[in-house]
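Novice: Provide a 3D model corresponding to the input given below.
(one chain, ligands or ions: 2)
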Amino acid sequence: MIQLSNVTKSYEVAQETFDVLSEIDLVIAKGEYVSIMGPSGSGKSTLMNIIGCLDRPTSGQYQFLGKELSTAKDQELAAIRNQSIGFVFQQFHLLPRLNAKRNVELPMIYSGMNQTERKERAEIALEKVGLADRMNHMPNELSGGQKQRVAIARAIVNHPQLILADEPTGALDSKTSSSIMEQFTQLNEEGTTVVLVTHEEEIAACTNRMVIVRDGRLVEDRLTQGGALNETR
Ligand SMILES: Nc1ncnc2c1ncn2[C@@H]1O[C@H](COP(=O)(O)OP(=O)(O)O)[C@@H](O)[C@H]1O
Ligand SMILES: [Mg+2]
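Specialist: Ligands and ions are numbered 1, 2, ... in the order given. Reported below is the predicted structural model:
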């Protein structure tokens, strides 16, 4: 599903070139449950942004669902993001003036779905994440964990093949974090490929495979203790 070959990402800062990612080779198969772990500044978000078609490598190849995307046009990347990928972020990224249901409807507005179907699917997604009784609440009327559940509902509402989450529990206490991780585990068990970024070992241990990044390099790639090797791999 995901294949990075010799991917490098560099930035020019004050006329000097910095390699934020160097020579990344990574293959993730459909159905996997993977964490990308590493200290702050190691390049995790940069890597996730490339996987999520939010950014392109400076050099190297990136194939997603069999398509070479390292030189794809913005429009093509945007279409792939909308159809195939659901995003979850540390700070939830909900629109503050829209209630939970309207926030979840957004990706379907972008994909041009009619209002009746949008509402129905938003309700189903919110029920799935346990928020049947909070659909009309505004973001500021929800707890951190509830906000993240709205964000997860928004991420799954277009039935993406891939969910990408960047530090999804970074703003949550440990009890709430574990319930959010259970939600990701459930989505993976239902067949969705889940890739999440974290700097916390306990969070990474909830997934089946841990990819460790340090100074922009992939230094370790192993199955976690509880995680079973995925058959499709
Ligand atoms: N647009 C940018 N321009 C220059 N440097 C950047 C840019 N984005 C990220 N970086 C640098 O790349 C490194 C890795 O950043 P990031 O991928 O956000 O790390 P992480 O998510 O692991 O904390 C950091 O040192 C950061 O300062
Ligand atoms: Mg980051």
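Novice: flag every residue of the chain that's near ligand 1.
Specialist: Proximity of the chain to ligand 1 (C-beta under 6 Å from any ligand atom) is limited to residues 11, 13, 20, 38, 40-46. Where you see a C-beta, it was placed from the backbone N, CA and C, and this is true even at glycine.
Novice: widest-spaced pair of those residues?
Specialist: Of all pairs drawn from the residues of the chain next to ligand 1, the greatest distance, 20.6 Å, lies between V13 and G38 (C-beta to C-beta).
Novice: show me where this structure has its helices.
Specialist: Along the chain, the stretches classed as helices by DSSP state H are 44-51, 74-84, 100-110, 115-128, 144-156, 174-189, 201-204.
Novice: just say which of these is most tucked in.
Specialist: Looking across these with neighbours counted as mean count of other C-beta atoms under 10 Å, the highest average goes to helix 144-156: a mean of 24.
Novice: give the other helices and strands that it contacts.
Specialist: strand 85-89, helix 100-110, helix 115-128, strand 162-166, helix 174-189 (3 or more C-beta pairs under 8 Å, 6 or more residues apart in numbering; DSSP states H and E).
Novice: just the CA trace of stretch 142-151, in PDB.
Specialist: As requested, the backbone C-alpha atoms of stretch 142-151 are provided in PDB (Å, rounded to 0.1, in the frame of the first residue of the first chain):
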ATOM      1  CA  LEU A 142     -16.600  18.700  24.600                       C
ATOM      2  CA  SER A 143     -13.700  17.200  26.600                       C
ATOM      3  CA  GLY A 144     -10.300  16.600  24.900                       C
ATOM      4  CA  GLY A 145     -11.100  12.900  24.500                       C
ATOM      5  CA  GLN A 146     -14.500  13.700  23.000                       C
ATOM      6  CA  LYS A 147     -13.000  16.200  20.600                       C
ATOM      7  CA  GLN A 148     -10.500  13.600  19.400                       C
ATOM      8  CA  ARG A 149     -13.400  11.200  18.900                       C
ATOM      9  CA  VAL A 150     -15.100  13.800  16.700                       C
ATOM     10  CA  ALA A 151     -11.800  14.100  14.800                       C
END
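Novice: select, out of the helices and strands packed on helix 144-156, the one closest to A155.
Specialist: Comparing the helices and strands packed on helix 144-156 against A155 with C-beta to C-beta, the closest turns out to be strand 85-89 (3.1 Å).
Novice: what strands flank the closest one, and is each parallel or antiparallel?
Specialist: For strand 85-89, the paired strands and their directions (DSSP bridges) read strand 162-166 (parallel).
Novice: same question for stretch 189-203, mean pLDDT?
Specialist: Confidence over stretch 189-203 (mean pLDDT, whole number) is 96.
Novice: got a list of what the residue nearest the centre of the chain touches?
Specialist: The central residue of the chain, meaning the one whose C-alpha is nearest the mean C-alpha position (C-alpha atoms, centre = their mean), is L164 at 1.1 Å. For L164, the contact set (C-beta atoms under 8 Å, 6 or more residues apart in numbering) comprises 48, 51-52, 85-88, 195-196.
Novice: apply 6 Å and report the result again.
Specialist: The neighbours of L164, taking C-beta atoms under 6 Å, 6 or more residues apart in numbering as the test, are 48, 52, 87, 195.
Novice: now for those: which two are most distant?
Specialist: Pairwise distances across the contacts of L164 peak at 10.8 Å for F87 and V195 (criterion: C-beta to C-beta).
Novice: more neighbours: these two, which one.
Specialist: Neighbour comparison, F87 and V195: the larger count goes to V195, with 26 against 21 (by other C-beta atoms under 10 Å).
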